[in-house]
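**Student:** Pasting the sequence and the predicted model now:
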Amino acid sequence: MTDLDTRPTAVQFRFRDDEMADHGTVTFDACCEQTNATAVRIEPGDDARALLPFLDRLALIEVNFPVFGDGRGYSSARLLREAGYTGELRAVGDVGIDQLLNMRRCGFDAFAPAEPLDESDAQAAFNRWPNVYQNTADGRRMITQLRHD
Amino acid sequence: MYKYDNYDQQMVDTRVEEFRDQAKRRLEGKITEDQFKPLRLMNGLYLQLHAYMLRVAIPYGTLNGAQMHALADIADKYDRGYGHFTTRQNIQYNWIKLEEAGDLLADLAKVEMHAIQTSGNCIRNISSDHFAGAARDELVDPRPYAELLRQWSSFHPEFMYLPRKFKIAVIAAETDRAAMRLHDIGIQIVKNDSGEIGASFYVGGGMGRTPMIAPQIRDFVPLDQLVTYAEACLRVYNRYGRRDNKYKARIKILVHEMGAEEYTRQVEEEFAHMLGQGVEPPLAEIERLRPYFADPAFVDGPKTCDHSDPDFALWVDRNTNAHKHDSYVSAVISLKPVGGIPGDATAEQMHLMADLAKEYSFDELRVMHTQNIVLPHVAISDLHALWTKLEAAGLGSPNLDTIEDIIACPGLDYCSLANARSIPLAQKISERFAASGKTGELGQLKLKISGCINACGHHHAGHIGILGVDKKGVENYQLSLGGSEAEDVALAKITGRGFDEAGVINAVETVTDVYLGAREDGERFLDTYRRIGMTPFKEALYD
Ligand code: HEM
Ligand code: SF4
């Protein structure tokens, strides 16, 4: 296991009402082999599609961003949501103010930044864009649809 | 042309606020320069040798008079009274202060313009055919599709941190005026056997240090799946594109290493999945966009004009392109005066071009990837009046696609990555050929200069290409021959050892002399090169 602090207390923003999973996450490889894990962490190079058979039993998927400029986690998040995953999807690691909304739009509903973020900057970032041009996992209707309602 | 609705306006206004907030957090020390850098880059702001450079997007190269006036005002207010039109149909300013960048973006937003995603590892400004909507040979106007893609790619949450930058071009004619196959994704709008319009996808082209021509990966994507297909192409790239080495991070390397067939298979698999995800804008949106690009109210008029003035006749012959309405042409305003800086225009010239667009071209202008400006719809009966005014302003150079119409990157005069200067070389070459009077005899001859291996000046695609390299601290230039960015796309080959500045100018003259001696009827430089091969040129250069 890596030394990332992703205990419930490390979660700074959460957009879910359910109880937080209070147990350790296992690595991607362990999850694919071990059949009873309910929480997993995936790294940028892991192919999230391999988790699809286990989605029913997973309550928490952490997606690690070792450096914010590595955007593979956005695709992982979206395709997990597209496959119907409804559990917690948590962004951990190098998560900054300017990544929050894009992550949220890709399906993340919990954020555990390695460095705690300024609350008011974060709220401003989450709420900045009144409308969007793409349909993604956040369920917002895109501008090109709103125009034709 | 396209006009923002409230939604589009709100997006650019919000972006200005967001940028101001980011700059403020940077100044307050809440984010580091490392964190700020990709954010400012996504707003087109680079730190260069002497100052910040700002790149403004001109989507698919189309703009109106008011926008051109605004670009001129920005040149006066925030820069030193000029701007530089680029090979990606954008404009760059070289002398910007960080503290003023927010105000500059706000000024742009007032005329429906922005600098969104003009840099950074994201989907860049979409480029297109500069004669779109006017060219006689086009199937349809490609711009509604480019606009659809512009909106889809703006702030795309999944694709803001790709392995590397990502450039898309859309054309809709067999003649390729946008270097389509040298883009990460090149899209050609085509008609299939049943007469339906769709999109043919080419993926994995590019220049830079490892130039590649994009292979076709799908011959026909139905129009109501265009965005979904592009999204699938991007997702496969985001997943597998190399992140261990930024020089191998472009999609061309992925397609090359994975193989076009395997890449295509993965895209098709992703595409099949995404079709069920509702990512495609409704077809009604394309229907909404099309009328914005409808023909202006053309009026029938004379189909020829008086060519008795030889200077005017030459300009008409070289600088106009056949229009779909036979009383009109598209007229090219050359930004390549002999001895000038390719692509530079002063604020005064920009104001004039804007006024001329209003008077003679239904208020529309285009930026060409060759760093010139087009007035797309000029009545043939107005040509002489237009030319007279251009001449008076030093904008009447009759040199489109000639050896004087050089593409050159900023090079060592501005760019922190440069090995050598590009601009002075372009200036001297155009002076040399203008003085010798050979320009006309040489006909179509595309010369392209880059100051380093990044190839911003398209040297790989030049009939003659020049690349600045650094040889033990001395500027040195490599010559290459036989490239093309057009429908006969090809990558140029290096002639042999490099030259110093004076030497490379002589070398250019030498290869043109070989051509003049060997050409057969109607052959361009490129055709002769293709027929006779490299050897005669090499012999003349090195023996
Ligand atoms: C002065 C600041 C500039 C910098 C720092 C810069 C940087 C770069 C770099 C690093 C690349 C290579 C990217 C790669 O291969 O992955 C590149 C490619 C390119 N740049 Fe620039 N550039 C600058 C100005 C320009 C200008 C003024 C133009 C247009 C005239 C331009 C157009 C291009 C084009 C067309 C390419 C090739 C794209 C491709 O590989 O597909 N750049 N630039
Ligand atoms: S080719 Fe090189 S020198 Fe020229 S602008 Fe691009 S990065 Fe700078």
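**Tutor:** Yep, it's here. Ligands and ions are numbered 1, 2, ... in the order given.
**Student:** What is the neighbour count of the residue lying closest to A:A83 once chain neighbours are set aside?
**Tutor:** Nearest-residue entry for A:A83: A:L52, 5.2 Å, with adjacent residues in sequence omitted and distances by CB to CB, 6 or more residues apart in numbering or on different chains. For the C-beta atoms, the positions are set from N, CA and C on the backbone; glycine is no exception. By the criterion of other CB atoms under 10 Å in any protein chain shown, A:L52 has 12 neighbours.
**Student:** Quick check: the gap between A:L52 and B:H273.
**Tutor:** Note on A:L52: its distance to B:H273, by CB to CB, to the nearest Å, is 11 Å.
**Student:** Quick one: name the residues of the stretch 401-543 of chain B near ligand 1.
**Tutor:** Listed as neighbours of ligand 1 in the stretch 401-543 of chain B under the rule CB under 6 Å from any ligand atom: B:C409, B:P410, B:Y414, B:C415, B:L417, B:N454, B:A455, B:C456.
**Student:** Please, which helix or strand holds the fourth one?
**Tutor:** Translated: B:C415. Here B:C415 is covered by no helix or strand, with elements defined by DSSP states H and E.
**Student:** Need the residue closest to the centroid of chain A.
**Tutor:** Nearest to the geometric centre of chain A sits A:F108, at 3.1 Å (CA atoms, centre = their mean).
**Student:** Next, the residue lying closest to A:V92 once chain neighbours are set aside: secondary structure please.
**Tutor:** Nearest residue to A:V92, sequence neighbours excluded (CB to CB, 6+ apart): A:A112, at 4.5 Å. Of the three states, A:A112 takes strand under DSSP: H, G, I helix; E, B strand; the rest coil.
**Student:** who touches A:A112 in this structure?
**Tutor:** Going by CB atoms under 8 Å, 6 or more residues apart in numbering or on different chains, A:A112 touches A:D5, A:T6, A:A10, A:V11, A:Q12, A:E62, A:R90, A:A91, A:V92, A:V95.
**Student:** Please report phi then psi for the residue nearest to A:A83.
**Tutor:** phi -50, psi -40 (degrees, to the nearest 10).
**Student:** tell me the phi and psi of whatever residue of chain A ends up closest to chain B?
**Tutor:** Taking CB to the nearest CB, chain B has its nearest neighbour within chain A at A:G71, 2.8 Å off. Main-chain torsions, A:G71, degrees, to the nearest 10: phi -90, psi 20.
**Student:** The closest residue to B:S330 other than its chain neighbours - how many residues pack around it?
**Tutor:** With sequence-adjacent residues excluded and distances taken as CB to CB, 6+ apart, B:S330 is closest to B:N321, at 4.4 Å. Close neighbours of B:N321, defined as other CB under 10 Å, add up to 19.
**Student:** which bits of the stretch 251-400 of chain B sit near chain A?
**Tutor:** Counting by CB under 8 Å from any CB of the partner chain, the stretch 251-400 of chain B comes close to chain A at B:H273, B:M274, B:Q277, B:G278, B:V279, B:P281, B:P282, B:A284, B:E285, B:R288.
**Student:** what about the chain, any weak spots by pLDDT?
**Tutor:** Unless you meant another one, I'm taking chain A. Within chain A, the segments meeting pLDDT under 70 span A:1-6, A:22-23, A:35.
**Student:** oops, I was thinking of chain B
**Tutor:** Within chain B, no stretch has pLDDT under 70.
**Student:** ok and the residue in it nearest chain A?
**Tutor:** Nearest to chain A in chain B, going by CB to the nearest CB, is B:Y161, at a distance of 2.8 Å.
**Student:** Surely that residue is in contact with A:F68?
**Tutor:** Yes: assessed by CB atoms under 8 Å, B:Y161 is found in contact with A:F68 at 7.0 Å.
**Student:** Next up, phi/psi of the residue nearest to the centre of chain A, please.
**Tutor:** The phi/psi pair for A:F108 (degrees, to the nearest 10) is phi -70, psi 140.
**Student:** How about the closest residue to it other than its chain neighbours: which residues does it bridge to?
**Tutor:** Among residues not flanking A:F108 along the chain, A:A91 sits closest, at 4.6 Å (CB to CB, 6+ apart). Going by DSSP bridges, A:A91 is paired in beta bridges with A:V63, A:F111.
**Student:** Number of residues surrounding A:A91?
**Tutor:** Counted with other CB under 10 Å, A:A91 comes out at 28.
**Student:** From A:T25, how far off is it?
**Tutor:** Separation of A:A91 from A:T25 (CB to CB) stands at 13 Å.
**Student:** For the two, list the residues in contact with both.
**Tutor:** A:E62.
**Student:** and the nearest residue to B:G204 once chain neighbours are set aside, helix, strand or coil?
**Tutor:** Nearest non-adjacent residue to B:G204, counting by CB to CB, 6+ apart: B:V255, 3.1 Å away. Following three-state DSSP, we place B:V255 in the helix state.
**Student:** got the contact list for B:V255?
**Tutor:** Contacts for B:V255 (CB under 8 Å, 6+ apart) come out as B:V203, B:G204, B:M212, B:A214, B:P215, B:Y263.
**Student:** In those, find the pair that's most separated.
**Tutor:** Among the contacts of B:V255, the pair separated by the greatest distance (CB to CB) is B:M212 and B:Y263, at 12.6 Å.
**Student:** Now chain B against ligand 1: closest residue?
**Tutor:** Minimum separation of chain B from ligand 1 (CB to the nearest ligand atom) falls at B:G208, amounting to 2.4 Å.
**Student:** number of nearby residues for that residue?
**Tutor:** B:G208, neighbours per other CB under 10 Å, totals 19.
**Student:** quick one: contacts for it?
**Tutor:** B:R250, B:I453, B:N454, B:A455 are the contacts of B:G208 under CB under 8 Å, 6+ apart.
**Student:** which element is it on?
**Tutor:** Assigned by DSSP H and E, B:G208 falls within no helix or strand.
**Student:** The closest residue in space to B:V203 that isn't next to it in sequence: what secondary structure?
**Tutor:** For B:V203, ignoring the flanking residues on the chain, the nearest one in space by CB to CB, 6+ apart is B:I217 at 5.0 Å. Following three-state DSSP, we place B:I217 in the strand state.
**Student:** these two touch, right, B:I217 and B:E262?
**Tutor:** No: contact status for B:I217 versus B:E262: not in contact, 10.8 Å apart, counting by CB under 8 Å.
**Student:** Tell me, how many residues neighbour B:R497?
**Tutor:** B:R497 has 11 nearby residues by other CB under 10 Å.
**Student:** repeat for B:A393
**Tutor:** Neighbours of B:A393 (other CB under 10 Å): 15.
**Student:** And the strands in chain A, which stretches?
**Tutor:** Under the criterion DSSP state E, strands of chain A are mapped to A:13-14, A:26-27, A:39-42, A:60-65, A:88-93, A:110-113.
**Student:** These into a markdown table, with extra columns for distance to B:I116?
**Tutor:** Listed next are those as a markdown table, based on distance: least, CB to CB, whole Å:
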| stretch | distance to B:I116 |
| --- | --- |
| strand A:13-14 | 26 |
| strand A:26-27 | 38 |
| strand A:39-42 | 30 |
| strand A:60-65 | 23 |
| strand A:88-93 | 24 |
| strand A:110-113 | 25 |
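**Student:** Any idea which of these gets closest to B:Y360?
**Tutor:** For the strands of chain A, the distance to B:Y360 is smallest for strand A:60-65, at 53.2 Å, taking CB to CB.
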